[in-house]
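Trainee: Predicted model and sequence below, questions to follow.
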Amino acid sequence: MKAVRHARDLRKGRHSESGRIYLVTAVTLHRQRVFDDLPAARILIRVLRREQELGRARTLSFVVMPDHLHWLLELGADADLSVVVRAVKALTAKRLGGTIWQRGFHDHAVRRDEDLLTIARYVVANPLRAGLVQRLTDYPHWDAIWL
């Protein structure tokens with residue numbers, strides 16, 4: 001019988017590398033559409049920007065979807081990816097007044113041969129693929145350094 005994987009097990013045996021680029025996905029608890037609410041989405045975006053101000057993560061692109069976050073980031077010097085993501089989730093939950101995130105997160109360490117611009121385009125095009133908008137400019141919760 002195949003073992004069921006738990007969110008807390010996702011990062012076992014993995015380590016973070018300062019200066020490495022990661023694509024992180026974090027999902028809301030029970031896929032609740034927490035970020036349909038404009039003020040809630042803006043709180044999450046401010047928390048992402050705070051991580052950059054603290055030097056722990058440089059945001060390359062992100063999109064806040066109604067029930068999840070995609071975040072392409074470069075990990076800061078002496079930063080740990082799990083600590084950074086935990087801080088984002090904890091501060092967002094605190095500012096929104098409750099438990100809003102599923103435990104754990106998914107990450108992909110971007111390889112040197114992968115095209116960052118292609119990954120960033122994939123990230124910000126999520127609202128189009130989900131059918132939330134017809135044009136990306138109509139969706140307010142995304143950004144990329146290349147624009």
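Mentor: Noted; the coordinates are in hand.
Trainee: give me every residue that touches Met65.
Mentor: Applying CB atoms under 8 Å, 6 or more residues apart in numbering to Met65 gives the contacts Phe35, Asn126, Pro127, Ala130, Leu132, His141. No exception for glycine: its C-beta is placed from N, CA and C like everyone else's.
Trainee: Thought Asp67 was touching Thr25, still the case?
Mentor: No. Thr25 is beyond contact range of Asp67, at 11.0 Å (criterion: CB atoms under 8 Å).
Trainee: Could you pick out which of the contacts of Met65 are located in helices?
Mentor: Within the contacts of Met65, residues falling in helices by DSSP state H are Asn126, Pro127.
Trainee: coming back round to it: which one's more surrounded, Thr25 and Asp67?
Mentor: Remark: of Thr25 and Asp67, Asp67 carries more neighbours, 18 against 15, as counted by other CB atoms under 10 Å.
Trainee: residues touching that one, list them.
Mentor: Contacts of Asp67 by CB under 8 Å, 6+ apart are Val27, Thr28, Arg31, Gln32, Arg33, Val34, Phe35.
Trainee: Could you rank those by neighbour count and give me the top one?
Mentor: Going by other CB under 10 Å, Phe35 tops the contacts of Asp67 with 24 neighbours.
Trainee: what are the ranges of the strands in this protein?
Mentor: Ranges of strands in the chain, per DSSP state E, are 21-27, 57-65, 68-75, 106-109, 142-144.
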